[in-house]
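Engineer: Task: produce atomic coordinates for the following.
(2 chains)
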There are 2 protein chains.
Amino acid sequence: MARGRPPVHSREALLDLGNHLFQRHGYHGTSLSMILDACDVSRGSFYNYFGGKESFAIEVIEHYQALEMDLWREEFSRIQGSHADKLRTMMLRLIEDFSDENERIGCLLANLSGEMALASPEFRHAIRDAIQRVIDAINDDMLICQQEGSVRTDLSASALARLIWDYWQGALLRMKVEDSRQPLYDAVNMLWQQILPAPEPNDRPVHHTREVLHSETH
Amino acid sequence: MARGRPPVHSREALLDLGNHLFQRHGYHGTSLSMILDACDVSRGSFYNYFGGKESFAIEVIEHYQALEMDLWREEFSRIQGSHADKLRTMMLRLIEDFSDENERIGCLLANLSGEMALASPEFRHAIRDAIQRVIDAINDDMLICQQEGSVRTDLSASALARLIWDYWQGALLRMKVEDSRQPLYDAVNMLWQQILPAPEPNDRPVHHTREVLHSETH
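Structural biologist: Prediction:
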């Protein structure tokens, strides 16, 4: 909103750069001097802004996650259909948005998760919280889908949310290795055609009848 | 087998160290000087042994994968039961073997997969091949399970193999973040209780009957 020359070292620009570097090099593969060189900022200014590499990385994670979750909610609210249809559409859009240039918090969280062996308790905690926020959001979505009858109810919404998160993270990794979005498309189809759907309503009376028959013969 | 003082810089010892360093620091987070320092070997000897960091990493992957696959086959052959029971038992043993000290090729592949943005074509190719070898092995297992009737046949063995691999890799990542094996136990239960099983044999006649009835009324 301020007029005049935009600040080159704005907090936002530094976070943006951090996101880019951590995505590409991982947390431990990104040295402080790489960050300072890339954003052409002095060590003093950087510490003044963020206090250190770790608190910088935590701020990168939280900033991009908040941003992406807001975007998701906004886009989601503009789609028509059942909650399940909307979720499936959003997952497909997410895949379409993936490209070499387009970096996502889900990817960043998957990459950073691989580096946990060396992480400090604070950093581990920040990543765990960020992942839990997404799993909680998926849990809420599954509850709504279960209520509308589009998702099975024999498994808890939270068990399904953890399954979706883990499966999606694994598919993200294979996308990187195979340089193909196919693993993500496969995951969306597998989830929405095989794993998540509630049984067809006309299956129930038949099962019920059989159970009644079965108990009658005993 | 050779007598006398064991060579400190044996090829095997260096590969072991590489496995440890790449597991902990990732590929790009492990500098050549870290490798040289840790194994107390000269740059010249290292290049003489391996030709460079990348070909060293590829050899680490291939060496440990071959070793783990041999161990898996040997242990698998000593278990009794259906192929599905044996697979489930082996997956549970795999989880029990996980600990801070115990590093596995599956973990290494998950971690390295996260770093693909910066990988050379050769390195990417080596990781993709290593992953494909495991997926192929799971595919063969699924085929046997489908033949023995313990795994559903409405999805191809290869689709199931890719699902198992992706889901397991995601659960491995969350194990690291939460410092808990629960995500892996959850994945084994979800797979063998919900996703993989063939429908109960006594479901079939009922479905068949209903379909016949259905077609008769049309």
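
Engineer: Three-state assignment for A:Gly81, please.
Structural biologist: coil (DSSP: H, G, I helix; E, B strand; the rest coil).

Engineer: That one and chain B, how far apart?
Structural biologist: From A:Gly81 across to chain B, the span is 26 Å (Cβ to the nearest Cβ, to the nearest Å). (Each C-beta comes from the backbone N, C-alpha and C, glycine too.)

Engineer: Find the residue closest to that residue in space, skipping its chain neighbours.
Structural biologist: Nearest residue to A:Gly81, sequence neighbours excluded (Cβ to Cβ, 6 or more residues apart in numbering or on different chains): A:Thr89, at 7.3 Å.

Engineer: what's the burial count for A:Glu12?
Structural biologist: Other residues near A:Glu12 number 11, with proximity taken as other Cβ atoms under 10 Å in any protein chain shown.

Engineer: That one - that's part of a helix, no?
Structural biologist: Yes. A:Glu12: assigned to a helix according to three-state DSSP.

Engineer: residues touching A:Asp141, list them.
Structural biologist: A:83, A:87, A:161 (Cβ atoms under 8 Å, 6 or more residues apart in numbering or on different chains).

Engineer: rerun that using 7 Å as the cut-off
Structural biologist: By Cβ atoms under 7 Å, 6 or more residues apart in numbering or on different chains, A:Asp141 lies in contact with A:83, A:87.

Engineer: Show the pLDDT at it.
Structural biologist: The per-residue pLDDT reported for A:Asp141 equals 98.

Engineer: Check which residues of whichever helix in chain A runs longest are buried.
Structural biologist: In terms of residue count, the longest helix belonging to chain A (DSSP state H) is helix A:121-148. Buried residues in helix A:121-148, counted by 16 or more other Cβ atoms under 10 Å in any protein chain shown: A:123-124, A:126-128, A:130-131, A:134, A:138-139, A:141-146.

Engineer: What of stretch A:28-37?
Structural biologist: If you call a residue buried by 16+ other Cβ under 10 Å, then stretch A:28-37 has these buried ones: A:28-30, A:35.

Engineer: Using CSV, lay out those together with distance to A:Ala13.
Structural biologist: Below are the buried residues of stretch A:28-37 laid out as CSV (distance: Cβ to Cβ, whole Å):
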residue, distance to A:Ala13
A:His28, 23
A:Gly29, 21
A:Thr30, 16
A:Ile35, 12
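
Engineer: Out of these, list just those in strands.
Structural biologist: Here DSSP state E is the test, and the buried residues of stretch A:28-37 give no hits in strands at all.

Engineer: ok, so what distance separates A:Met116 from A:Ala84?
Structural biologist: From A:Met116 across to A:Ala84, the span is 33 Å (Cβ to Cβ, to the nearest Å).

Engineer: what comes up buried for the strand or helix carrying A:Gly170?
Structural biologist: Following DSSP states H and E, the helix or strand that holds A:Gly170 is helix A:157-178. For helix A:157-178, a neighbour-count test (16+ other Cβ under 10 Å) marks A:157, A:159-178 as buried.
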